[in-house]
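*Asks:* Would you be able to build a 3D model of this:
(chains A and B)
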Number of protein chains: 2
Amino acid sequence: MKLYDYHGAPNPRRVRVFLAEKGIDVETVQINIFESENLSPEFQAINPRRVIPSLELDDGTVIDESVAICRYFEAVKPDPVLFGETAKEQGLIESWVRRIEQDGFAQAANVIRNENPVFENRAVAGWTDCPQIPELIERGRKGLSAFYAMLDKHLAKQPYIVADSFSVADITAMCAFDFGEFVGVAVPTELSDLASWRERMASRESSKA
Amino acid sequence: MKLYDYHGAPNPRRVRVFLAEKGIDVETVQINIFESENLSPEFQAINPRRVIPSLELDDGTVIDESVAICRYFEAVKPDPVLFGETAKEQGLIESWVRRIEQDGFAQAANVIRNENPVFENRAVAGWTDCPQIPELIERGRKGLSAFYAMLDKHLAKQPYIVADSFSVADITAMCAFDFGEFVGVAVPTELSDLASWRERMASRESSKA
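*Replies:* Below is the predicted model of the structure:
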């Protein structure tokens, strides 16, 4: 089994943190998306969709999408449970993961993919011939600011994103904040509940993955 | 329990088809997003995120996001399994659902949300004060055409989106194609494997939901 990974990108990090929380070791291969290595014929032969992270199983099956890779490992090694135990927890965690992806991750991606010259004509992950749209930079920045404020308010009421236990929703949020800051939208220091939660997350061993 | 639903929108349909496949009956309330009913103070009091579909549980908990609602019901009533049995199936189904959402659903949304005057200044679901970006209409149209061709090629090799059984990935794709056609990007008739799959999907009782 091999995980096609890249240490400079936010999505593969979600998988590495998840694996660290589960205590699972997987061989990784670095594919530098800033140098378009994911678009090379060699990588395209492994995954025609050309996205990172991608997990290659021993039978040659390739699973891409961070959350899909995490779900694979949740099924292989359920302990500790990171996608929820009860139906309600499972529904809420899935909901929050998607909300964080749309309101946080996708907005940071709107900024970097439409602003950075590296992504000229490849403004959507895995696509070629996709022009950048400068107006999306502003949409992304506004979205990130609203996202930060929303989660600060949410975390004033509870220690983790969903109820009182750590889950894949916290991993997703942690990576979304780092991604937002990476694209130049700082988290305002007055968002103190968010700041405390981020410190708690950073103190987990898995955050170094 | 109540499902806030809208018969004119593609995402709530995913949940209705899923419930029909499971044989689950839930009380529904129609919220017309074309008339901005989801932005009303009444609905905002139920779900501040203002998105449809939303599921309200008997304890008042609200779960939004189509797939999150489906996951809740998969846990409540596992039979028939629609999110996969083995780890590999679960990973592949999650991966395909997300791919169909990004390459199909999101592209159709790019078209309608940035083109239709109904969504003026609300180009992202649940957001207010979000201007339309006309260039996204073209990105959406191009994306949908590529999506149709990609799934035709994929369905030439197998009867369902993932391996040989019906899953939530088929439901997602069925709704994505209908959404793509709704926004004016017709599925080319020469994509014959896709056409056969669509006929098989349409012949299921659940497709009427």
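*Asks:* How is chain A partitioned into domains?
*Replies:* Listed domain ranges for chain A are A:2-76, A:87-208 (source: automatic domain parsing).
*Asks:* Could you export these as CSV, including mean neighbour count and distance to B:Ala20?
*Replies:* For every residue, glycine as well, the C-beta is placed using N, CA and C. Supplementary listing: those in CSV, determined by neighbours: other CB atoms under 10 Å in any protein chain shown; distance: least, CB to CB, whole Å:
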stretch, mean neighbour count, distance to B:Ala20
domain A:2-76, 18, 24
domain A:87-208, 19, 19
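*Asks:* For B:Leu191, which of those domains is the nearest?
*Replies:* Taking CB to CB as the criterion, domain A:2-76 is the member of the domains of chain A that comes nearest to B:Leu191, at 17.8 Å.
*Asks:* tell me how far the ends of the closest one are from each other?
*Replies:* Domain A:2-76 has an end-to-end distance of 15 Å (criterion: CA to CA, to the nearest Å).
*Asks:* Which of the domains of chain A sits closest to B:Ser54?
*Replies:* domain A:87-208 (9.5 Å).
*Asks:* for the closest one, what is the average pLDDT?
*Replies:* In this model, domain A:87-208 carries a mean pLDDT of 95.
*Asks:* and that domain, how far apart are its ends?
*Replies:* In domain A:87-208, first residue to last residue: 31 Å (CA to CA).
*Asks:* and chain A, which of its residues are near chain B?
*Replies:* On the criterion CB under 8 Å from any CB of the partner chain, chain B has as its neighbours in chain A the residues A:49, A:55, A:57, A:61, A:63-65, A:67-69, A:71-73, A:75-76, A:86-88, A:90-92, A:94-95, A:98-99, A:123-124, A:127, A:130-131, A:133, A:135-136, A:139, A:142-143, A:146.
*Asks:* From those, which land in strands?
*Replies:* Taking DSSP state E, the ones among the residues of chain A next to chain B that sit in strands are A:55, A:63-64.
*Asks:* which one of these is nearest B:Gly23?
*Replies:* Closest approach between these and B:Gly23, by CB to CB: A:Ile63, at 29.7 Å.
*Asks:* mind putting the ones in strands among the residues of chain A next to chain B in a markdown table, distance to B:Leu3 and pLDDT included?
*Replies:* What follows is these, written out as a markdown table (distance: CB to CB, whole Å; pLDDT from 0 to 100):
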| residue | distance to B:Leu3 | pLDDT |
| --- | --- | --- |
| A:Leu55 | 34 | 98 |
| A:Ile63 | 31 | 98 |
| A:Asp64 | 31 | 97 |
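*Asks:* the helices in chain A, which residues?
*Replies:* Under the criterion DSSP state H, chain A contains helices at A:10-22, A:41-46, A:66-76, A:87-100, A:106-115, A:135-155, A:168-182, A:192-202.
*Asks:* what inclination does the last one have with respect to helix A:10-22?
*Replies:* What that stands for is helix A:192-202. Relative orientation of helix A:192-202 with respect to helix A:10-22: 60 degrees, computed using axes from the mean of the first three to the mean of the last three CA atoms, to 10 degrees.
*Asks:* Restricting to C-alpha, output helix A:192-202 in PDB.
*Replies:* What follows is the C-alpha trace of helix A:192-202 in PDB, where atoms were taken according to Å, rounded to 0.1, in the frame of the first residue of the first chain:
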ATOM      1  CA  SER A 192     -10.400  33.800  21.600                       C
ATOM      2  CA  ASP A 193     -12.500  30.600  21.700                       C
ATOM      3  CA  LEU A 194     -11.100  29.700  18.300                       C
ATOM      4  CA  ALA A 195      -7.600  30.500  19.500                       C
ATOM      5  CA  SER A 196      -7.900  28.200  22.600                       C
ATOM      6  CA  TRP A 197      -9.300  25.300  20.400                       C
ATOM      7  CA  ARG A 198      -6.400  25.800  18.000                       C
ATOM      8  CA  GLU A 199      -3.900  25.600  20.900                       C
ATOM      9  CA  ARG A 200      -5.500  22.400  22.100                       C
ATOM     10  CA  MET A 201      -5.300  20.900  18.600                       C
ATOM     11  CA  ALA A 202      -1.700  22.000  18.200                       C
END
